[in-house]
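*Asks:* Sharing a model that was predicted from the sequence below.
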Amino acid sequence: MRELANEKIRKLKNDQFMDKPNIILEKTFLFSLRIIELCNVLEENRKYAIANQLLRSGTSIGANIREAQNAESQQDFIHKFKIASKEAEETMYWLDLCLYSRDYPNTETEKEELLSIIYIINTIIGTMKKKLENGKMRK
């Protein structure tokens with residue numbers, strides 16, 4: 001099943017993702033697809049509680065990033081990204097539990113992807129905060 005997800009993700013990457021490329025939107029969307037597939041595997045193995053928590057936090061990252069694209073202000077934009085950052089940390093927790101628990105799928109690939117996403121999110125937050133502090137952006 002995870003192989004099918006990888007094929008879908010490769011196809012999506014090859015297709016035109018958006019009119020204007022946005023790396024964090026793309027990465028979080030693709031990550032959400034991987035999380036959905038991982039949760040399907042967890043549910044097949046009757047790991048319902050972890051699957052539910054991981055699905056909620058793992059897909060919430062991209063949802064908050066997408067929502068930030070229509071923020072009412074720069075502060076609202078930063079706030080949405082901070083929520084995404086918190087959801088990413090929660091997701092890392094569930095991925096760590098899977099990785100270090102017996103009879104759970106290996107989540108090293110998802111963790112590596114998530115670390116990349118966290119770095120980008122935190123960089124964007126830092127840049128936006130500096131711009132606001134320097135008066136380069138409207139509040």
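*Replies:* Thanks, I have the structure now. Model, not experiment: these values are computed from the prediction. Numbers count the residues shown, from 1 in each chain.
*Asks:* Can you name every helix or strand that the helix or strand Tyr119 falls within contacts?
*Replies:* Secondary-structure assignment from DSSP states H and E places Tyr119 in helix 108-133. Secondary structure elements in contact with helix 108-133, counted by 3 or more CB pairs under 8 Å, 6 or more residues apart in numbering; DSSP states H and E, are helix 23-44, helix 48-68, helix 74-100. For every residue, glycine as well, the C-beta is placed using N, CA and C.
*Asks:* relative to helix 74-100, how tilted is the shortest one?
*Replies:* Okay, so that is helix 48-68. Relative orientation of helix 48-68 versus helix 74-100 (axes from the mean of the first three to the mean of the last three CA atoms, to 10 degrees): 160 degrees.
*Asks:* got the angle between helix 48-68 and helix 23-44?
*Replies:* Helix 48-68 and helix 23-44 are oriented at 160 degrees to each other (the same axes, to 10 degrees).
*Asks:* could you give the angle of helix 48-68 to helix 108-133?
*Replies:* Angle of helix 48-68 versus helix 108-133, following the same axes, to 10 degrees, is 30 degrees.
*Asks:* In JSON lines: the helices and strands packed on helix 108-133, plus mean pLDDT.
*Replies:* Putting these into JSON lines (pLDDT from 0 to 100) gives the following:
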{"stretch": "helix 23-44", "mean pLDDT": "97"}
{"stretch": "helix 48-68", "mean pLDDT": "98"}
{"stretch": "helix 74-100", "mean pLDDT": "98"}
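*Asks:* Export these to a markdown table and append columns for distance to Thr109.
*Replies:* Output for the helices and strands packed on helix 108-133, formatted as a markdown table (distance: least, CB to CB, whole Å):
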| stretch | distance to Thr109 |
| --- | --- |
| helix 23-44 | 8 |
| helix 48-68 | 13 |
| helix 74-100 | 10 |
